[in-house]
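*Asks:* I'd like to go over a predicted model; first the sequence, then the structure.
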Amino acid sequence: MAKKPTTIIARRVQRELGDLGIYLHNKAVTTTSWYFKFKDERIRSLTVRDHKTKPEYRYKWNIVIGYTGPKKVLDRGVPRYFYSENEVDEFLEHVRRYYQTILKNESNSAQQVSNTTKIIGANYEKL
């Protein structure tokens, strides 16, 4: 019995993003959908599926078999990204860039706090 495309993609994604802390949150029983989360919640969630999702479910990352449409969709001001089964490499690269941006912004914020603390401390010493 041949493996379903969602299964092949889901296992690949899990293997290739393991270092980012991806884990299986749920595997649907009635459909072929796979649902993932990341240990670092800032990366958000991923679904791998071959059908439309219910409107109340909103995943940041979506790999949809047969998907054609916009890559980025703003949903109530929150960006959500969609990829077809032929764009898995692009998806993997995007998630890695997204995570690196998170880390860079975190580092910049920490540096700003450190600089502010030094200025406040220096001014405090002058009092």
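*Replies:* Looks like it arrived, so ask away.

*Asks:* roughly how far apart are the spatially most central residue of the chain and D50?
*Replies:* Computing the C-alpha centroid of the chain and ranking residues by CA atoms, centre = their mean puts I43 first, at 4.1 Å. According to CB to CB, to the nearest Å, I43 and D50 sit 23 Å apart. The way it works is simple: take the backbone N, C-alpha and C, and place the C-beta from them, glycine included.

*Asks:* Now for Y83: which residues touch it?
*Replies:* Y83 sits next to W61, N62, I63, V64, Y67, K71, E90, F91 when contact means CB atoms under 8 Å, 6 or more residues apart in numbering.

*Asks:* Quick check on these: which are buried?
*Replies:* W61, N62, I63, V64, Y67, F91 (16 or more other CB atoms under 10 Å).

*Asks:* picking that back up, in contact with the residue nearest to the centre of the chain, which residues?
*Replies:* L20, G21, K60, V95, Y98, Y99, I102.

*Asks:* before we move on, the earlier item: present the contacts of Y83 as CSV; the columns should include secondary structure, distance to P55 and pLDDT.
*Replies:* What follows is these, written out as CSV (DSSP: H, G, I helix; E, B strand; the rest coil; distance: CB to CB, whole Å; pLDDT from 0 to 100):
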residue, secondary structure, distance to P55, pLDDT
W61, strand, 17, 98
N62, strand, 13, 98
I63, strand, 19, 98
V64, strand, 15, 97
Y67, coil, 17, 96
K71, coil, 20, 96
E90, helix, 26, 98
F91, helix, 22, 98
